[in-house]
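Asks: No sequence on hand, only this structure:
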């Protein structure tokens with residue numbers, strides 16, 4: 001008998017094909033995530049779950065699945081949607097998809113930075129609104145990227161990939177140094193480790209690449225925005241919860257910072273009545289950081305390989321290790 005698995009959304013076919021060869025796969029076909037009630041019902045009796053960040057996989061879901069549940073494979077690098085302690089207590093392996101979306105996400109983060117600096121979206125709206133009448137010396141003036149200072153918060157894989165892109169623009173690169181010793185990769189990237197206040201005070205662009213943890217929740221709060229330059233711009237392709245949305249709205253409204261470009265929000269998706277959407281100095285995209293065909297295909301294969309290893313009782317190729 002084939003192992004039973006529940007997949008909480010249709011993923012690229014390259015991953016689904018691998019799973020269907022081995023498993024009896026129940027794939028949620030809805031455009032929106034399954035409801036809580038649906039999730040609890042559809043996981044009953046399964047050996048594995050392939051989840052997305054939009055799915056809260058907690059103790060209740062694991063218990064609803066039953067004692068035979070062996071693996072939860074997350075189609076994402078992040079895994080803050082999964083209760084790792086509950087999984088560990090039940091002997092359930094948890095996997096994710098690290099590494100393969102590093103460059104794709106960094107590409108998009110830098111695209112947001114460039115769009116914000118050079119007012120690309122504002123310019124496109126200007127043209128569509130029929131306002132472009134002639135070339136004007138003072139029209140939609142932006143900010144230079146070359147020679148500017150980029151502050152990177154979260155100097156992991158994606159943060160370092162962002163730094164590599166910045167070197168091509170001759171940017172001065174700062175990163176938040178939390179330890180006494182500098183990151184061993186910093187010198188090769190031309191990046192300088194600094195403290196929190198120095199990074200915020202000196203950066204023209206602040207780019208977030210840190211995971212969402214209890215320590216980083218609302219890391220960017222009212223105090224952080226007050227420390228930044230009035231001309232500074234915030235880029236967030238990490239997690240929405242790293243930024244306090246009320247504090248960001250206030251900072252943008254008051255002119256404490258110049259602009260924000262967000263690919264993630266809190267909550268997500270952003271509500272249609274969010275005050276942030278009333279502002280002209282914010283650009284918001286629908287979590288597109290890893291959204292290239294090649295990367296999403298690779299993520300699907302990696303998530304499938306984690307799932308299949310788990311249902312076979314084998315070590316996961318990319319297992320999440322619970323921090324202690």
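Replies: Received it, and whenever you're ready, just let me know what you need. All values derive from a computational prediction rather than experimental measurement.

Asks: alpha carbons only for contacts and neighbour counts from here, please
Replies: Fine.

Asks: Excluding sequence neighbours, find me the nearest residue to the most centrally placed residue in the chain.
Replies: Nearest to the geometric centre of the chain sits residue 238, at 3.7 Å (Cα atoms, centre = their mean). Nearest residue to residue 238 in three dimensions, chain neighbours excluded: residue 209, at 4.8 Å (Cα to Cα, 6 or more residues apart in numbering).

Asks: Determine the number of other residues adjacent to the one you found.
Replies: Residues contacting residue 209 under the criterion other Cα atoms under 10 Å number 25.

Asks: any idea how far residue 235 is from it?
Replies: From residue 209 over to residue 235 the distance is 9 Å, taken as Cα to Cα, to the nearest Å.

Asks: if we can go back for a sec, now for the residue nearest to the centre of the chain: which residues touch it?
Replies: The contact partners of residue 238, by Cα atoms under 8 Å, 6 or more residues apart in numbering, come to 208, 209, 210, 211, 212, 263, 264.

Asks: Equivalent analysis for residue 267, please.
Replies: Contacts for residue 267 (Cα under 8 Å, 6+ apart) come out as 240, 241.

Asks: Report the separation between it and residue 224.
Replies: Residue 267 is 20 Å from residue 224, by Cα to Cα.

Asks: now swap in residue 128 and tell me
Replies: Taking Cα to Cα, one finds residue 128 at 36 Å from residue 224.

Asks: Which of these two has more residues huddled nearby?
Replies: Neighbour totals were compared for residue 128 and residue 224, and residue 224 leads with 18 against 9 (other Cα under 10 Å).

Asks: I figured the residue nearest to residue 238 was touching residue 237, is that so?
Replies: Yes: here residue 209 reaches residue 237: they are 6.6 Å apart, a contact under Cα atoms under 8 Å.

Asks: State the helix or strand in which the residue nearest to the centre of the chain lies.
Replies: If you go by DSSP states H and E, residue 238 is not part of any helix or strand.

Asks: Kindly report the same for residue 134.
Replies: Here residue 134 is assigned to no helix or strand, by DSSP H and E.

Asks: gap between it and residue 140?
Replies: Separation of residue 134 from residue 140 (Cα to Cα) stands at 12 Å.

Asks: Quick check: mean pLDDT of stretch 232-251?
Replies: Averaging pLDDT along stretch 232-251 yields 98.

Asks: Just the buried positions in that stretch, please.
Replies: By neighbour count on 16 or more other Cα atoms under 10 Å, the buried set for stretch 232-251 is 232-245, 247-251.

Asks: try stretch 150-168
Replies: Neighbour-count burial for stretch 150-168 [16+ other Cα under 10 Å]: 150-167.
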